[in-house]
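Participant: I'd like to go over a predicted model; first the sequence, then the structure.
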Amino acid sequence: MDIIEWFTQNQQIIYIVILMIFVGIEVIGHVPSVLHTPLMSGANAIHGVVIIGAIIVMGKAEPDNYLALILGFLGVILGTLNVVGGFVVTDRMLEMFSKKKKK
């Protein structure tokens, strides 16, 4: 199966992904800075679901299906980085609003 045939078979899915990218950029670009901390918490929850989905993909993949294994592995790694980074950013932002301890 060549690449052009694959694109024609998955044309609707490709259009949906491109549309999701543009809508996501527009939505994120118009979020006020006050809402970034709650949105980071929500993004951490979503990336937790991404990690679980990637683990399931890797678990159900055939041993010789390298594409599914590589994509699942990348999903686990990148999702974990997003969760950890999100918690670090959220923690730093919450520290900015906490009262300073007197010495």
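Facilitator: Thanks, I have it. Numbering: from 1, shown residues only.
Participant: For the rest of this, base every contact and every neighbour count on C-alpha atoms.
Facilitator: Fine.
Participant: The worst-scoring helix or strand of the chain on mean pLDDT packs against which elements?
Facilitator: Least confident helix or strand, the chain: helix 36-60 with a mean of 79, by mean pLDDT, DSSP states H and E. The contact analysis (3 or more Cα pairs under 8 Å, 6 or more residues apart in numbering; DSSP states H and E) places helix 36-60 against helix 66-97.
Participant: relative to helix 36-60, how tilted is the helix it packs on?
Facilitator: 160 degrees (axes from the mean of the first three to the mean of the last three Cα atoms, to 10 degrees).
Participant: so who does the residue nearest to the spatial centre of the chain touch?
Facilitator: Nearest to the geometric centre of the chain sits residue 47, at 5.0 Å (Cα atoms, centre = their mean). Shown in contact with residue 47 (Cα atoms under 8 Å, 6 or more residues apart in numbering): 79, 80, 82, 83.
Participant: how much space between the third one and residue 72?
Facilitator: For residue 82, the distance to residue 72 (Cα to Cα, to the nearest Å) stands at 15 Å.
Participant: Looking at the two, which one has more neighbours?
Facilitator: Using other Cα atoms under 10 Å, the more surrounded residue of residue 82 and residue 72 is residue 72, with 23 against 18.
Participant: excluding its backbone neighbours, what's nearest the more buried one?
Facilitator: residue 54 (4.6 Å; Cα to Cα, 6 or more residues apart in numbering).
Participant: cool, residue 51 as well?
Facilitator: Nearest non-adjacent residue to residue 51, counting by Cα to Cα, 6+ apart: residue 76, 4.9 Å away.
Participant: and the gap between that neighbour and residue 92?
Facilitator: In terms of Cα to Cα, residue 76 sits 24 Å off from residue 92.
Participant: now residue 26
Facilitator: 26 Å.
Participant: For burial, what's the neighbour tally of residue 58?
Facilitator: Here the number of neighbours of residue 58 (other Cα under 10 Å) works out to 22.
Participant: list the contacts for it?
Facilitator: Residues near residue 58 by Cα under 8 Å, 6+ apart: 68, 69, 72, 73.
Participant: Now with 10 Å, please.
Facilitator: Residues in contact with residue 58 (Cα atoms under 10 Å, 6 or more residues apart in numbering) are 52, 65, 66, 67, 68, 69, 70, 71, 72, 73, 75, 76.
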